[in-house]
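Chemist: need a 3D model of the sequence below.
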Amino acid sequence: MIDIKLLREKPEIFYEDMKRRSRGDSLIRDFFDIDNQWKSNVRKENDLRKEKNTLSIEISKLMKQGLDTTHNKDRVREINEELKKIDLEQVKIEEARLSIVSRIPNILHPSVPSGVSDEENKFIKFAGKAKVSATNIAEFRKATENRGIFVDDDVERISHVDLMEMLNIADIARAGKISGARFYFLKERLFKLEMALVNYAIDFLSQRQFTVMEPPPMINKRAIWGATDMETFNEAVYKIEDEDLYLISTSEHPVAAMFMDEIIESDELPMRIAGYSACFRKEAGAHGKDSKGIFRVHNFKKVEQFIFSREEDSWDFHEELLKNTEDLIGSLEIPYRVINVCTGDIGSLAAKKYDIEGWFPVQGKFRELASISNDTDYQARSLNIRYREKGELKFAHTLNGTAVASTRTLVAIMENFQNKGIIEIPKVLIPYTGFDHIELNQD
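Modeler: So this is what the prediction gives:
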């Protein structure tokens, strides 16, 4: 949630921000319309209470003099009725104002590039050595602004969907029979590889001062609304019928809400937390996209980085989270690029977001593996998370970043590490899997 005080004092900041986002300024204008109604009612209420106090004094004097107080008492009753009506109206106005405020996005950092879609995200860097077939070289060069390192790929590669079926390491059809589209059974060594990824990511972050934990898979409405935005809520979040509970779409949300309505002492910051969870997503906005295989699914495992920080430190921690994920994906030997997400693609919570996109040689394109966001004080305001510094209370800054999203990373490994029907295991994962490749008919 934005700072209402700042909006009132410096509305030009928000008008300019909405212009950068190409979203129009109707929400800002709606806020001031309804806020003016609220202020008008506050003035009326103050005037009425002042009049009531004056009348009460007059009534007391008249009663001492034995004079008639009927007229004054009638007016006091009228004032009480008017105050009740104003109170009821104010409750409705405050609810409507809160609804508007919750939809005003975070203020963008000046370094966020302008653009209306993901086509205008800004390329930052490439790392690794990609395997690129002749037909995809032009696409690769364009996506890396001719700065990507690659080798001509003459290996005959097949899609992860066909590879999983050929090696009998997943069952999509039977999962569809009992659960519908975008579900799966992972089997044998592919399942063990998923567990290895998770355990490797947890150990990796443990060595970087993160407290590792598994949060609840369901949280209540107060927590989910505070931790997310309306677009994510509508497109991703599952509601538990007849319960005040929602399935989490990322461990970011329960971890963010851990300290809801709490005050943290300044010397406890930063708090680095790595949350492991199953993630549940409706994928309502992805109809027809990646409908086969396990790249875009309703349920997957993820290890998420999260930091609570002081306001002056959050931009340094944003870069720290990016480096963590780069180092992790780089250690898996998956070629990747980093992009600075543009104003039209960033969403409402983040003031700035990096995406890390892995190279998928079968698809001949980069696809998102991780995102790293600084939500500044926006999320903490919604959740009422503050810290105390030298006697002053301030809203914490919150940051999040994917470490590993299991199924997408599995697809990246299957596309990059396949060789004549065999999937080789990235070297750093072999101690976790206990095997160095996957082929047909293995335990």
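Chemist: assign Lys177 to helix, strand or coil.
Modeler: Secondary structure assignment for Lys177 (DSSP: H, G, I helix; E, B strand; the rest coil): helix.
Chemist: let me fix that: Asn72
Modeler: Asn72 ends up helix, using three-state DSSP.
Chemist: and Gln442, what pLDDT?
Modeler: Predicted confidence (pLDDT) for Gln442: 69.
Chemist: output the below-cut-off pLDDT ranges for the stretch 251-400 of the chain.
Modeler: For the stretch 251-400 of the chain, no stretch is flagged by pLDDT under 70.
Chemist: rerun that using 90 as the cut-off
Modeler: For the stretch 251-400 of the chain, applying pLDDT under 90 flags the ranges 284-291.
Chemist: also the stretch 101-250 of the chain?
Modeler: 153-156, 230-235.
Chemist: please enumerate the strands of it.
Modeler: With strands called from DSSP state E, counting those that start in this stretch, the stretch 101-250 of the chain shows them at 122-127, 130-132, 150-152, 170-171, 185-186, 211-213, 218-219, 238-239, 246-247.
Chemist: take those strands and write them to CSV, including mean neighbour count and distance to Gln90.
Modeler: In this view, the C-beta of every residue, glycine as well, is placed from N, C-alpha and C. Shown next, in CSV, are the strands of the stretch 101-250 of the chain (neighbours: other C-beta atoms under 10 Å; distance: least, C-beta to C-beta, whole Å):
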stretch, mean neighbour count, distance to Gln90
strand 122-127, 17, 45
strand 130-132, 23, 60
strand 150-152, 13, 63
strand 170-171, 19, 57
strand 185-186, 18, 54
strand 211-213, 14, 41
strand 218-219, 20, 30
strand 238-239, 15, 30
strand 246-247, 22, 29
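Chemist: now tabulate those strands in a markdown table and tack on distance to Val255.
Modeler: Below are the strands of the stretch 101-250 of the chain laid out as a markdown table (distance: least, C-beta to C-beta, whole Å):
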| stretch | distance to Val255 |
| --- | --- |
| strand 122-127 | 26 |
| strand 130-132 | 33 |
| strand 150-152 | 37 |
| strand 170-171 | 29 |
| strand 185-186 | 25 |
| strand 211-213 | 8 |
| strand 218-219 | 10 |
| strand 238-239 | 19 |
| strand 246-247 | 15 |
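Chemist: of these, which is nearest Val404?
Modeler: strand 211-213 (12.7 Å; C-beta to C-beta).
Chemist: can you tell me how far the residue lying closest to Gly148 once chain neighbours are set aside is from Arg147?
Modeler: Leaving aside its sequence neighbours, Gly148 sits nearest to Phe126 (C-beta to C-beta, 6 or more residues apart in numbering; 4.3 Å). Using C-beta to C-beta, to the nearest Å, Phe126 is found at 6 Å from Arg147.
Chemist: so how far is Tyr354 from Lys125?
Modeler: Taken as C-beta to C-beta, the span from Lys125 to Tyr354 is 10 Å.
Chemist: same check, this time on Lys44
Modeler: 49 Å.
Chemist: tell me, how many residues neighbour Leu269?
Modeler: Neighbour count of Leu269, defined by other C-beta atoms under 10 Å: 17.
Chemist: and for Asn106?
Modeler: Neighbours of Asn106 (other C-beta under 10 Å): 24.
Chemist: could you do Ser266 as well?
Modeler: 13.
Chemist: dig out what the closest residue to it other than its chain neighbours forms beta bridges with.
Modeler: Among residues not flanking Ser266 along the chain, Glu389 sits closest, at 4.0 Å (C-beta to C-beta, 6+ apart). As for beta bridges, Glu389 partners with Glu392 under DSSP bridges.
Chemist: from the middle of its chain, how far away would stretch 411-430 be?
Modeler: 30 Å (C-alpha atoms, centre = their mean, to the nearest Å).
Chemist: for the residue nearest the centre of the chain, grab phi and psi.
Modeler: With distances taken as C-alpha atoms, centre = their mean, Thr228 lies nearest the centre of the chain, 6.0 Å away. When quoted as degrees, to the nearest 10, the phi and psi of Thr228 stand at phi -130, psi -180.
Chemist: list the residues that contact it.
Modeler: 236-237, 249, 253, 349 (C-beta atoms under 8 Å, 6 or more residues apart in numbering).
Chemist: circling back: more neighbours, Lys44 and Tyr354?
Modeler: The neighbour comparison of Lys44 against Tyr354 (other C-beta under 10 Å) goes to Tyr354, with 24 against 15.
Chemist: which helix or which strand is home to the more buried one?
Modeler: strand 352-360 (DSSP states H and E).
Chemist: start to end distance for stretch 168-186?
Modeler: Distance across stretch 168-186, first residue to last, is 9 Å (C-alpha to C-alpha, to the nearest Å).
Chemist: can you tell me what sits against stretch 339-346?
Modeler: Counting by C-beta under 8 Å, 6+ apart, residues outside stretch 339-346 touching it are 20-22, 108, 111-118, 120-124, 350, 352-355, 357, 371.
Chemist: mind redoing it with 6 Å?
Modeler: With C-beta atoms under 6 Å, 6 or more residues apart in numbering as the contact definition, stretch 339-346 has outside contacts at 20-22, 112-118, 120-124, 353, 355.
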